[in-house]
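Undergrad: Provided below are the primary sequence and the corresponding predicted coordinates.
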Amino acid sequence: MAIILRSDPLSRIHPEPQTLEIDHFDHLPDSILLLVFNKIGDVKALGRCCVVSKRFHSLVPQVENVVVRVDCVISDDDSSSLSPDKPRSAVSGPFSAIFRLVFGGIFKPLQALGQLLGSKRSSSASSSASSSSSSSSSSLLISGGEDGEIEHGGVTHHSPTQVLKNFDEIRFLRIELPSGELGIDDGVLLKWRAEFGSTLENCVILGASSAIHAANSNSQPPVDLTSNNTTVTATAAAEDNGSIPESFYTNGGLKLRVVWTISSLIAASARHYLLQPIISEHKTLDSLVLTDTDGQGVLCMNRDQLEELRVKPLSASSASKRTLVPALNMRLWYAPTLELPDGTVLKGATLVAIRPSESKKEVCDVSWVSSAFDEPYGIAAKMLVKRRTYCLEMNSF
């Protein structure tokens, strides 16, 4: 007699619960997750991480490496417009009184960053609304919204100062503007790099009236210009002996370089002024870089320089909201034509090295000048410093 086994009808109606899969991600220690968050860095992405879990929410404020990408820039006299597509001449002229940095209105998680990191921000909101922390701090906050926010086209924007308040242990901070402040014509090369403490410590400016890039940038291998045996080539007129030609003074060449220099210094000092509230609040900072996506200008501060600014407040210019530029000593190098190893040709190549007149550092040391820029412009600087040097002075402004 055959026996037929039938499954229990109750087991079909109420099946036994299956064992839940183990989430191995939950077994990772906090130190590993912080390594991941530090690799991410970007504030908007970290804002998204905040909404994933309570654990992520508690770890994000401990991130040490933070990158802030600014979406748009507005000036005091143009606060009604936040469009990043506005012509640069109207928004980012170097002589504007002040630039306000606004970012992060596109993604909802950015709002979550301010809300979910929450207790610290909410507890201080009432007091910050009734009193301003300082005149320089207010220059970074956008009026018209709560807690430094502003509504524009249904999008909420936050100032970098406000969002960075939610991070407790920032060591490396990088802020990127959407473009450089200096509007220049197409084909013109203008780059600068400046270091600040409580005031300007040094600045290097590289410019050219035109930069013609080779069709094949790999046509020639890079050369090591640090060797004493290296032959430096500067293709110019046959009579070029390293001196500035007379035409440089008569055709407006020198005047243009002076404008480049002053404009770059004003842009650098305006950036430095805006960083003061961030620096004073984040005492764990080891490095701060304020740059732009165009690669036009870079402002750098190391730990000693950051601490100097906290101890010795900056001197503000009476003309506008920027750091006062001290009296300066400048060294200038010029080449009518400079051909780089990758085939790029710079017409009217000019390098300007700037230090305060009261600086105690050796004037003859140009190592910091030749290493100021990434390639191929680092090679251009190395080539220019081997030419004849011209010295200039500039008063404080």
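TA: Great, that's in hand. Treat the numbers as computed from the prediction; the structure is a model and nothing was measured.
Undergrad: quick check: which element contains Q276?
TA: Using DSSP states H and E, Q276 maps to helix 253-281.
Undergrad: domain ranges for this protein?
TA: Following automatic domain parsing, one finds the domains of the chain at 27-124+134-177, 189-281+324-394.
Undergrad: and the end-to-end length of stretch 346-366?
TA: End-to-end distance for stretch 346-366: 21 Å, by Cα to Cα, to the nearest Å.
Undergrad: what comes up buried for that stretch?
TA: 346-356, 366 (16 or more other Cβ atoms under 10 Å). Yep, even glycine has a C-beta here, placed from its N, CA and C like the rest.
Undergrad: quick one: mean pLDDT over it.
TA: For stretch 346-366, the mean per-residue pLDDT is 84.
Undergrad: stretch 323-335 too?
TA: 94.
Undergrad: so L182 makes contact with L265?
TA: No: taking contacts as Cβ atoms under 8 Å, L182 lies outside contact range of L265: 10.9 Å.
Undergrad: any idea which element V289 lies in?
TA: strand 287-292.
Undergrad: what about the nearest residue to R355 once chain neighbours are set aside, how many neighbours?
TA: Leaving aside its chain neighbours, R355 sits nearest to N202 (5.1 Å; criterion: Cβ to Cβ, 6 or more residues apart in numbering). If you count neighbours by other Cβ atoms under 10 Å, N202 ends up with 19.
Undergrad: packing partners for the helix or strand containing N202?
TA: Using DSSP H and E, N202 falls within strand 200-208. Secondary-structure packing of strand 200-208 (3 or more Cβ pairs under 8 Å, 6 or more residues apart in numbering; DSSP states H and E): strand 189-196, helix 253-281, strand 345-356, helix 367-370, helix 377-384.
Undergrad: beta partners of the closest residue to T389 other than its chain neighbours?
TA: Once flanking residues are discounted, T389 sits nearest to R331: 5.4 Å by Cβ to Cβ, 6+ apart. In this entry, R331 is beta-bridged to A353, C391, by DSSP bridges.
Undergrad: surely the residue nearest to R355 meets W368?
TA: Yes: using Cβ under 8 Å, N202 makes contact with W368 at a distance of 6.6 Å.
Undergrad: pLDDT wise, what is P87 at?
TA: Value for P87, per-residue pLDDT: 42.
Undergrad: no, scratch that, I was asking about D23
TA: pLDDT, D23: 72.
Undergrad: quick one: it from S247, how far?
TA: Noted for D23: a distance of 72 Å to S247, by Cβ to Cβ, to the nearest Å.
Undergrad: that older thread, out of the domains of the chain, which gets the lowest mean score?
TA: It's domain 27-124+134-177: among these, that one has the lowest mean pLDDT, namely a mean of 64.
Undergrad: how many neighbours does E281 have?
TA: Considering only other Cβ under 10 Å, E281 is surrounded by 16 other residues.
Undergrad: what does the one 5 residues further on give?
TA: As a burial measure, the neighbour count of D286 was computed by other Cβ under 10 Å and equals 14.
Undergrad: settle this for me: it is touching R303, isn't it.
TA: Yes: counting by Cβ under 8 Å, D286 touches R303, with 4.7 Å between them.
Undergrad: state the distance from D342 to M394.
TA: In this view, D342 and M394 are 33 Å apart by Cβ to Cβ.
Undergrad: Q162 too?
TA: 36 Å.
Undergrad: of those two, which one has the most company?
TA: Q162 (21 against 17).
Undergrad: doesn't the more buried one lie inside a helix?
TA: Yes: per DSSP: H, G, I helix; E, B strand; the rest coil, Q162 lies within a helix segment.
Undergrad: the closest residue in space to C49 that isn't next to it in sequence: what's it in contact with?
TA: Nearest non-adjacent residue to C49, counting by Cβ to Cβ, 6+ apart: F56, 4.9 Å away. Neighbouring residues of F56 by Cβ atoms under 8 Å, 6 or more residues apart in numbering: 33, 49-50.
Undergrad: hmm, back to that, buried set for the helix holding Q276?
TA: 253-254, 256-257, 260-261, 263-281.
Undergrad: got the angle for that helix vs strand 189-196?
TA: 40 degrees (axes from the mean of the first three to the mean of the last three Cα atoms, to 10 degrees).
Undergrad: before we move on, back to that, by neighbour count, which of the contacts of F56 wins?
TA: Within the contacts of F56, neighbour counts (other Cβ under 10 Å) peak at C50, which reaches 24 neighbours.
Undergrad: hang on, the earlier thing: could I get the contacts of F56 in CSV, plus columns for secondary structure?
TA: Output for the contacts of F56, formatted as CSV (three-state DSSP):
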residue, secondary structure
L33, helix
C49, helix
C50, helix
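Undergrad: please produce JSON lines containing these, extended by distance to K312.
TA: Below are the contacts of F56 laid out as JSON lines (distance: Cβ to Cβ, whole Å):
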{"residue": "L33", "distance to K312": "38"}
{"residue": "C49", "distance to K312": "37"}
{"residue": "C50", "distance to K312": "36"}
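Undergrad: and those, which is closest to Y390?
TA: Nearest to Y390 out of the contacts of F56 is C49 (Cβ to Cβ; 52.6 Å).
Undergrad: quick one: that closest one and F397, what's the gap?
TA: Distance, C49 to F397, using Cβ to Cβ: 45 Å.
Undergrad: then Q62?
TA: Separation of Q62 from F397 (Cβ to Cβ): 42 Å.
Undergrad: same check on P160?
TA: For P160, the distance to F397 equals 27 Å [Cβ to Cβ].
Undergrad: pick out whichever of the two has more residues nearby.
TA: Neighbours per residue (other Cβ under 10 Å) separate P160 from F397, with P160 holding more: 26 against 15.
Undergrad: is it true that the more buried one touches V66?
TA: No: the pair P160 / V66 is not scored as a contact, 9.9 Å apart, by Cβ under 8 Å.
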